[in-house]
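In: let me see the structure of the following:
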Amino acid sequence: MITSFASSIDAIKTALPKKLQNPRVGIICGSGLSGIVDIVRDVVLVPYENIPGFSTSTVPGHKSALAFGILGGGVGVPVVAMLGRFHPYEGHSLSSVVYPVRIMAKLGVKDIIITNAAGSLNPDIPVGTIVVIQDHLALPNLTGMNPLLGPQTSLDLPRFLPLSDAYSTSLRRLLFLAASRLQLDDSALAEGTYAWVSGPTYETPAEGRFLRRAGADVVGMSTVPEVLAAREEGLNVMVLSLVTNFVVIPDTYRSIREEVKAELAGKKVDLPPTQTVSHEEVLAIGKEKAGVLMKLVENVIDSLQSA
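Out: Modelled structure (predicted):
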């Protein structure tokens with residue numbers, strides 16, 4: 001089956017002035033990072049509900065609109081920012097999750113910058129770090145939850161997609177040059193591997209330990225489906241993960257058996273605090289560090305004017 005995207009494209013272009021109808025760069029905003037729209041000029045918002053084929057984001061911290069405008073100095077670069085993404089855990093099909101990426105490609109986007117909030121699995125990558133993703137580990141992909149399963153949306157696209165070059169080295173180079181121009185401390189950025197899990201539950205200690213030992217540095221519930229669709233459509237991809245929390249991976253487990261033994265023996269038992277992660281924590285750190293992330297994105301897009 002060949003899917004038609006014409007109605008979505010028509011609805012979007014009808015809402016836009018001519019100069020915004022063919023964006024060069026796409027941006028996907030993760031939890032708490034939709035403030036990117038504040039630095040875009042001549043913004044026009046197109047609500048998802050006005051675009052045939054689009055779903056609606058239900059996650060706190062996510063809006064539900066495409067923001068079109070100009071980013072960068074001088075003439076600037078036409079961009080489209082997705083304010084609120086879709087996740088399979090919300091009940092969206094994988095084809096719906098990646099539908100906006102396919103629309104971006106058909107509007108003319110060549111480069112896509114995908115952001116997310118992620119948990120750190122790596123003790124050397126603290127909260128607040130922006131991780132420039134160089135590879136991914138996607139258990140859902142390996143176990144039958146791949147967004148490219150099923151009929152292709154176009155017979156012109158590759159059936160078997162290589163992913164060894166999924167993350168653009170040229171875009172990552174521009175990112176680190178931007179960090180230098182902005183005089184960011186070396187500790188502000190890291191490079192690493194992103195693990196995609198389906199969510200919506202945060203990882204158990206055993207799951208976190210497994211992912212860490214498998215080679216992942218950060219973990220999240222999004223992004224990889226969008227990366228796959230973007231690469232299938234021929235887009236250059238860069239992913240920036242903002243670390244908003246540490247995954248809870250204790251060195252040892254409490255022994256309830258030993259605690260009970262001590263209690264029965266009349267000994268005092270000091271109970272350790274219970275560690276958990278909350279979505280409110282994720283949003284708070286996202287809000288705190290979003291400014292740096294936005295400056296980096298703006299600087300990279302500005303560099304693309306001469307590329």
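In: show me the shaky parts of the stretch 51-200 of the chain.
Out: 59-62 (pLDDT under 70).
In: longest helix in this structure, please.
Out: Identified as the longest helix of the chain according to DSSP state H is helix 279-303.
In: figure out how far that helix is from the centre of its chain.
Out: 12 Å (CA atoms, centre = their mean, to the nearest Å).
In: swap in stretch 142-161?
Out: Its chain's average C-alpha position is 20 Å from that of stretch 142-161, according to CA atoms, centre = their mean.
In: ranges for the helices of the stretch 151-300 of the chain?
Out: Listed in chain order, the helices of the stretch 151-300 of the chain (DSSP state H, counting those that start in this stretch) span residues 169-181, 205-213, 224-232, 256-264, 279-303.
In: compare the ones you listed and give me the one nearest I70.
Out: Counting by CB to CB, I70 lies closest to helix 279-303 out of the helices of the stretch 151-300 of the chain; the figure is 9.8 Å. For glycine as for every other residue, the C-beta is placed from the backbone atoms N, C-alpha and C.
In: tell me which other helices or strands that closest one touches.
Out: Packing contacts for helix 279-303, counted by 3 or more CB pairs under 8 Å, 6 or more residues apart in numbering; DSSP states H and E, involve strand 65-71, strand 77-83, strand 111-120, strand 130-138, helix 169-181, strand 236-246.
In: Q305: which of those is closest?
Out: Taking these one by one with CB to CB, strand 77-83 is closest: 5.8 Å.
In: can I get the helices and strands packed on helix 279-303 in TSV with mean neighbour count and distance to K261?
Out: Below are these laid out as TSV (neighbours: other CB atoms under 10 Å; distance: least, CB to CB, whole Å):
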stretch	mean neighbour count	distance to K261
strand 65-71	23	58
strand 77-83	26	55
strand 111-120	27	34
strand 130-138	20	40
helix 169-181	16	53
strand 236-246	24	31
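In: distance to A15 added to the ones you listed, as a markdown table?
Out: Listed next are the helices and strands packed on helix 279-303 as a markdown table, based on distance: least, CB to CB, whole Å:
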| stretch | distance to A15 |
| --- | --- |
| strand 65-71 | 8 |
| strand 77-83 | 12 |
| strand 111-120 | 21 |
| strand 130-138 | 32 |
| helix 169-181 | 28 |
| strand 236-246 | 26 |
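In: out of those, nearest to A195?
Out: Of those, nearest to A195 by CB to CB is strand 130-138, at 4.6 Å.
In: quick one on the thing from earlier: just the mean pLDDT for the longest helix of the chain, thanks.
Out: In this model, helix 279-303 has an average pLDDT of 81.
In: contacts for it?
Out: Contacts to helix 279-303, defined as CB atoms under 8 Å, 6 or more residues apart in numbering, come from residues 25, 27, 30-33, 35-36, 38-39, 60-61, 71-73, 76-77, 79, 113, 115, 117, 127-128, 130, 171, 174-175, 177-179, 181-182, 184, 188, 238, 240, 242-245.
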